[in-house]
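Participant: Build me a structure from this.
(2 chains)
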Protein chains: 2
Amino acid sequence: MSFSPLIQDLIEAFRCLPGVGPKTAQRMAFHLLERDRDGAEHLSQALVAAAEKVGHCSRCRTLSEAELCEICSDTRRDVDKLCVLESPVDMLAVEQTGGFNGGYFVLMGHLSPIDGIGPDDLGLDKLFERLESSQISELILATNPTVEGEATAHFIAEQIKHLDIKVTRIAHGVPVGGELEYVDGGTLAHALAGRRALN
Amino acid sequence: MSFSPLIQDLIEAFRCLPGVGPKTAQRMAFHLLERDRDGAEHLSQALVAAAEKVGHCSRCRTLSEAELCEICSDTRRDVDKLCVLESPVDMLAVEQTGGFNGGYFVLMGHLSPIDGIGPDDLGLDKLFERLESSQISELILATNPTVEGEATAHFIAEQIKHLDIKVTRIAHGVPVGGELEYVDGGTLAHALAGRRALN
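Facilitator: Residues are numbered from 1 along each chain as shown, chains lettered A, B, ... in the order given. Model prediction:
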């Protein structure tokens, strides 16, 4: 026995979501059909609208349906600092710290030769063009602290050596609230090497 | 800072799914926008098709877009046994045991005076009509072993006392593969009371 075709198709369609297996997909489908058809219609419309209209900000490459995203069109931001990130959610994370008021450039990924992702796929030509043509004094490389993120950061730093721009990388170290006992060796080594004077 | 309106709306729309909080909704939205727009379009179409066309089987009340569901339209099923369940997924679970070849009646819920769910909402009039007009000899009450499920089963049994139909309830007992040590007292008491001769 299987459910009717439209129900089966809906269960199958939910499988495209990250972390959703067969049981969860089934639970989602029946939840919507039994209890929340309005929610299903709303989700359907939101999906098609976003999939059709959301593109990339022409300046920082983040996801946005507008030509310029909210931050790129904000004239009160510092124009001399630029922060390079891997994804739009990283941008939200940095914004939420409240400690940065410059511009962003979102790579939408990281260098990964195995997956065939090279500098062109990350819009690096656009980034270098922007660095050459504007008065940016500091470039903050805030890619993820993973092997690929580090490689991407080093590649970018290498490529713009000839420009008179200060290039910085976010600090590695022990997370706030963490315990030394549970911090991995690599992180602790970075934390020691990057120690700062207190007085 | 927030994401652009269409992205925010999509994140919000995902919240209608069971077990999806703000972070998961965000991850789902970005996964689809960054990596799987075809999946998003497919999910959108599947949602609207299912929400518009899936109704209830006119005979057993399970969810189906056809007038009669797959099982109700199957002429090879036993017509003298009827199994009452709370939901379509329970029907799948019973079918998968392979141990039942009769018909089903799906209540799509259970009696719950607090939520205002009474006999009419569960289609009990339809069930009683079917019991009176057909040659059903056994009615198996397979509602969930919860307080509401038990109450619903007892209510149904009480209402059809006057009919010449054998009414049974699925057995309570220790689950196969379980350990007595971890079985709750109520279940163990049921398992003892319902003990069966081995020889």
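Participant: contacts and neighbour counts: CA atoms only from here.
Facilitator: OK.
Participant: Compute the number of surrounding residues for A:Asn199.
Facilitator: Other residues near A:Asn199 come to 3 when the count uses other Cα atoms under 10 Å in any protein chain shown.
Participant: what domains does the record give for chain A?
Facilitator: A:5-53, A:66-169 (automatic domain parsing).
Participant: Please identify the buried residues of the strand or helix carrying A:Gly186?
Facilitator: Here A:Gly186, judged by DSSP states H and E, is contained in helix A:185-193. Counting neighbours by 16 or more other Cα atoms under 10 Å in any protein chain shown, one finds that the buried residues in helix A:185-193 are A:187-188, A:191.
Participant: Excluding sequence neighbours, find me the nearest residue to the residue most central in space within chain A.
Facilitator: Centroid check for chain A by Cα atoms, centre = their mean gives A:Ser87 as the closest residue, at 1.3 Å. Spatial nearest neighbour of A:Ser87, excluding adjacent residues (Cα to Cα, 6 or more residues apart in numbering or on different chains): A:Met108 at 4.9 Å.
Participant: got a list of what that neighbour touches?
Facilitator: When contacts are counted by Cα atoms under 8 Å, 6 or more residues apart in numbering or on different chains, A:Met108 touches A:61-62, A:85-88, A:122, B:34.
Participant: Out of the residues you listed, which is nearest to A:Asp74?
Facilitator: Checking these against A:Asp74 with Cα to Cα, the nearest one is A:Thr62 at 14.6 Å.
Participant: residue contacts, that closest one?
Facilitator: With Cα under 8 Å, 6+ apart, A:Thr62 has these contacts: A:56, A:69, A:87-88, A:105-108.
Participant: switch to 7 Å and redo it
Facilitator: The contact partners of A:Thr62, by Cα atoms under 7 Å, 6 or more residues apart in numbering or on different chains, come to A:56, A:88, A:106.
Participant: Okay, and A:Ala13 sits in which element?
Facilitator: helix A:5-14.
Participant: Show the average pLDDT along stretch A:176-195.
Facilitator: When pLDDT is averaged along stretch A:176-195, the result is 86.
Participant: List of residues touching that stretch?
Facilitator: The contact list for stretch A:176-195 (Cα under 7 Å, 6+ apart) reads A:172-174.
Participant: at 10 Å instead, please
Facilitator: A:145, A:171-175 (Cα atoms under 10 Å, 6 or more residues apart in numbering or on different chains).
Participant: Reformat these as CSV; add secondary structure.
Facilitator: Listed next are these as CSV, based on DSSP: H, G, I helix; E, B strand; the rest coil:
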residue, secondary structure
A:Pro145, coil
A:Ala171, coil
A:His172, coil
A:Gly173, coil
A:Val174, coil
A:Pro175, coil
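Participant: how far off helix A:5-14 does the helix or strand containing A:Phe30 point, in degrees?
Facilitator: Take DSSP H and E as the rule and A:Phe30 turns out to sit in helix A:22-35. Angle between the axes of helix A:22-35 and helix A:5-14 is 130 degrees (criterion: axes from the mean of the first three to the mean of the last three Cα atoms, to 10 degrees).
Participant: and helix A:22-35 with chain B, contact?
Facilitator: Yes - judged by Cα under 10 Å from any Cα of the partner chain, helix A:22-35 and chain B are in contact via A:24-34.
Participant: Report all helices and strands that that helix contacts.
Facilitator: Helix A:22-35 is packed against helix A:5-14, helix A:37-53, helix B:37-53, strand B:63-64, helix B:88-97, with contacts defined by 3 or more Cα pairs under 10 Å, 6 or more residues apart in numbering or on different chains; DSSP states H and E.
Participant: Just name the most buried of the ones you listed.
Facilitator: strand B:63-64 (a mean of 23; mean count of other Cα atoms under 10 Å in any protein chain shown).
Participant: which stretches of chain A aren't confidently modelled?
Facilitator: Nowhere does chain A drop to pLDDT under 70.
Participant: Quick check: the residue of it nearest chain B.
Facilitator: A:Ser44 (4.1 Å; Cα to the nearest Cα).
Participant: next SSE after the helix or strand containing A:Arg130?
Facilitator: For A:Arg130, the host element (DSSP H and E) is helix A:124-133. Going down the chain from helix A:124-133, the next helix or strand is strand A:138-141, by DSSP H and E.
Participant: The residue nearest to the centre of chain A against A:Val94, yeah?
Facilitator: No - the criterion here is Cα atoms under 10 Å, and A:Ser87 misses it with A:Val94 at 11.0 Å.
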